[in-house]
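J.: Structure, please.
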Amino acid sequence: IAARIHATAAVRRFPEFGVGLAGASGYKLWLIPGQKMVQILKGDEVLASVAYTTWVSATWTKFRLQFRTKADGVTAVSGKVWEDGKPEPKEATIAAEDKEKPSEGRAAVWANPYAGTPLRFTDILLAP
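T.: Residues are numbered from 1 along each chain as shown. Predicted coordinates for the structure are as follows:
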């Protein structure tokens, strides 16, 4: 899944947002601007976490999340997050491995509007 998301902070309150695959208990690529962090979640469990300090309020942010099951049965999950208007990074922003098979479910866009400001989603793309 790929998408562009527009979010705005308000005073010291920040939204959290991202994209997901394999339903509510599946994988999420999650941006937490207030903590300057991006995570890969499986359900509510954090599989990986890295610093992300380049988010700018009131701008569009691009997301790309994918997973692949490797020959040994391990699921490799990777995600990219970058500012709209800049080139897509060649390497993943974050990656994780999961020993369990992914659940079946739909792709989704997610947000917690803690800042109380609207979030906008566009250019949502699903590819096999």
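
J.: List the beta-bridge partners for the residue most central in space within the chain.
T.: Centroid-nearest residue in the chain, with Cα atoms, centre = their mean: residue 29, separated by 2.2 Å. Beta-bridge partners of residue 29, counted by DSSP bridges, are residue 19, residue 40.

J.: List the contacts of it.
T.: Neighbour list for residue 29: 18, 19, 20, 38, 39, 40, 63, 64, 65, 79, 81, 94 [criterion: Cβ atoms under 8 Å, 6 or more residues apart in numbering]. Quick note: C-beta positions are derived from backbone N, CA and C, even for glycine.

J.: what pLDDT does it get?
T.: As predicted, residue 29 sits at a pLDDT of 98.

J.: Can you tell me how far it is from residue 63?
T.: Between residue 29 and residue 63 the computed distance is 6 Å (Cβ to Cβ, to the nearest Å).

J.: intersection of neighbour lists for the two?
T.: 18, 19, 79, 81.

J.: Run a quick neighbour tally on the first one.
T.: This means residue 18. 27 (other Cβ atoms under 10 Å).
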